[in-house]
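**Student:** Build the 3D model from these lines:
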Amino acid sequence: MSEPRDKEDLITYFEGDYRPWQDAKVHVFSPAMKYGAGVFEGIRGYWSDARSEMVLFRLDEHLKRLEYSQRVMRFDRIFTREEMAEPILEVMRRNAFTEHVHIRPVVYVDGHGPVGALGPIEYAVTAVPSGIKDTVKSGVAIQVSSWQRVADLAMPTRVKANANYNNSRMASLQARHDGYGAALMMNQKGHVAEGPGMCFFMVRDGVPVTPSITSNILESITRDTVIQILRDELGLETIERDVDRSELYACEEAFYCGTAWEISPITSIDGIPVDTGKIGPLAGQLTEIYFDIATGAAEDARGWLTAV
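**Tutor:** Numbering: from 1, shown residues only. Coordinates of the predicted model:
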């Protein structure tokens with residue numbers, strides 16, 4: 001893989017054209033800036049040594065969710081999956097990446113309208129080099145946050161809306177201030193929801209468990225990936241249910257998953273070690289299979305990879 005480049009050298013897609021990084025700017029008075037009126041996705045691109053090409057992981061599923069997010073936010077112009085896909089692929093081609101990347105397509109309200117503005121709607125794509133997250137190998141010590149996960153009745157939790165992520169930001173800031181690597185948020189019913197931008201799994205009596213999709217969580221694509229791998233490759237059915245706080249301290253293993261966090265084992269919760277405090281065997285197996293699939297080292301039997 002090549003050496004990472006400065007962002008100033010990268011090409012973006014912005015308002016219908018391919019432009020240098022520094023030219024992709026939104027006006028400070030736009031609803032996107034004033035109110036966070038935008039929706040986005042985080043998509044992983046992996047340089048595949050096995051295939052000698054860049055592959056995007058579950059691109060169609062991400063764009064399906066981004067299309068859904070626009071409809072929920074009532075934008076007056078909906079970018080379709082087909083319209084959004086080509087600029088992503090072209091940004092990848094123009095930047096000629098040969099390292100792992102993180103891709104950020106965003107649809108937002110431009111112009112100078114009020115909080116209820118439904119347009120004009122614009123679409124932009126950025127992609128930056130981004131290696132495998134350190135916590136994949138090191139694990140992470142987490143804290144149960146005093147900040148609750150935002151309720152679905154207050155904000156659309158199934159939508160990756162820009163404004164939703166202030167909730168994640170506050171929990172992350174608290175965890176960092178208190179000396180932890182990440183946070184875990186509870187919901188209004190007192191059950192485990194998710195981390196700031198990642199879903200939570202634990203193992204109880206050898207069985208993987210994760211909060212259900214009605215726990216005020218994002219319907220995560222990586223979460224779905226993990227459930228399928230656990231079932232099909234490892235023969236384990238995941239139980240989706242409410243998870244109590246006290247269970248966290250009794251689990252044999254725990255890990256986060258998400259596009260940015262990939263598979264990140266949890267080594268301790270509130271200072272209490274998870275089992276031995278080391279990365280557990282299931283997380284180790286899962287991580288190996290996940291990256292074999294995502295990087296094209298294994299057969300793409302599910303059609304999850306898009307070659308650039």
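
**Student:** Can you give me the distance of Glu82 to Gly206?
**Tutor:** In this view, Glu82 and Gly206 are 44 Å apart by Cβ to Cβ, to the nearest Å. For glycine as for every other residue, the C-beta is placed from the backbone atoms N, C-alpha and C.

**Student:** So Pro208 belongs to a strand, correct?
**Tutor:** Yes. Applying DSSP: H, G, I helix; E, B strand; the rest coil, one finds Pro208 inside a strand.

**Student:** need the contact list for the nearest residue to it once chain neighbours are set aside.
**Tutor:** Setting aside the residues directly before and after it, Pro208 is nearest to Thr238 in space (Cβ to Cβ, 6 or more residues apart in numbering), at 4.5 Å. With Cβ atoms under 8 Å, 6 or more residues apart in numbering as the criterion, the residues that contact Thr238 are Phe201, Val207, Pro208, Val209, Thr210, Val226, Ile227, Leu230, Arg231.

**Student:** Strands along the stretch 1-150 of the chain, start to end?
**Tutor:** 11-14, 17-20, 38-40, 43-48, 53-57, 101-109, 121-129, 140-144 (DSSP state E, counting those that start in this stretch).

**Student:** neighbours around the nearest residue to Tyr35 once chain neighbours are set aside, how many?
**Tutor:** Computed as Cβ to Cβ, 6+ apart, the closest residue to Tyr35 that is not its neighbour in sequence is Val115, at 5.2 Å. Using other Cβ atoms under 10 Å, Val115 has 9 neighbouring residues.

**Student:** Run a quick check on Val115 versus Ala32, I expect a contact.
**Tutor:** No. With contacts defined as Cβ atoms under 8 Å, Val115 does not count as touching Ala32, sitting 11.7 Å away.

**Student:** any chance you could map the helices in the stretch 151-300 of the chain?
**Tutor:** Along the stretch 151-300 of the chain, the segments classed as helices by DSSP state H, counting those that start in this stretch run 165-177, 221-232, 281-294.

**Student:** Buried by neighbour count: which residues of stretch 155-170 qualify?
**Tutor:** Taking 16 or more other Cβ atoms under 10 Å as the basis for neighbour counts, the residues of stretch 155-170 that come out buried are 155-165, 167-168, 170.

**Student:** coming back round to it: tabulate the helices of the stretch 151-300 of the chain (CSV), appending distance to Arg71 and mean pLDDT.
**Tutor:** Rendered in CSV, the data for the helices of the stretch 151-300 of the chain read as follows (distance: least, Cβ to Cβ, whole Å; pLDDT from 0 to 100):
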stretch, distance to Arg71, mean pLDDT
helix 165-177, 20, 97
helix 221-232, 18, 98
helix 281-294, 28, 97
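
**Student:** Rebuild those as TSV, extending it with distance to Leu305.
**Tutor:** Conversion of the helices of the stretch 151-300 of the chain to TSV gives the following (distance: least, Cβ to Cβ, whole Å):
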stretch	distance to Leu305
helix 165-177	27
helix 221-232	12
helix 281-294	8
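
**Student:** Could you find the closest non-adjacent residue to Ile217?
**Tutor:** The spatial neighbour of Ile217 that comes closest, neighbours along the chain excluded (Cβ to Cβ, 6+ apart), is Glu194 at 4.5 Å.

**Student:** I'd say the one you found and Ser145 touch.
**Tutor:** No. Under the criterion of Cβ under 8 Å, Glu194 is not in contact with Ser145, lying 10.8 Å apart.

**Student:** Which residues are in contact with each of these two?
**Tutor:** The overlap between the contact sets of Glu194 and Ser145 (Cβ under 8 Å, 6+ apart) consists of Leu184, Met185.

**Student:** More neighbours: which of these two?
**Tutor:** Neighbour totals were compared for Glu194 and Ser145, and Glu194 leads with 28 against 25 (other Cβ under 10 Å).

**Student:** count of neighbours near Pro281?
**Tutor:** 11.

**Student:** any idea how far it is from Asp6?
**Tutor:** If you go by Cβ to Cβ, the gap between Pro281 and Asp6 works out to 40 Å.

**Student:** Who are the contact partners of Ala260?
**Tutor:** Residues near Ala260 by Cβ under 8 Å, 6+ apart: Gly42, His102, Ser130, Lys133, Gly197, Met198.
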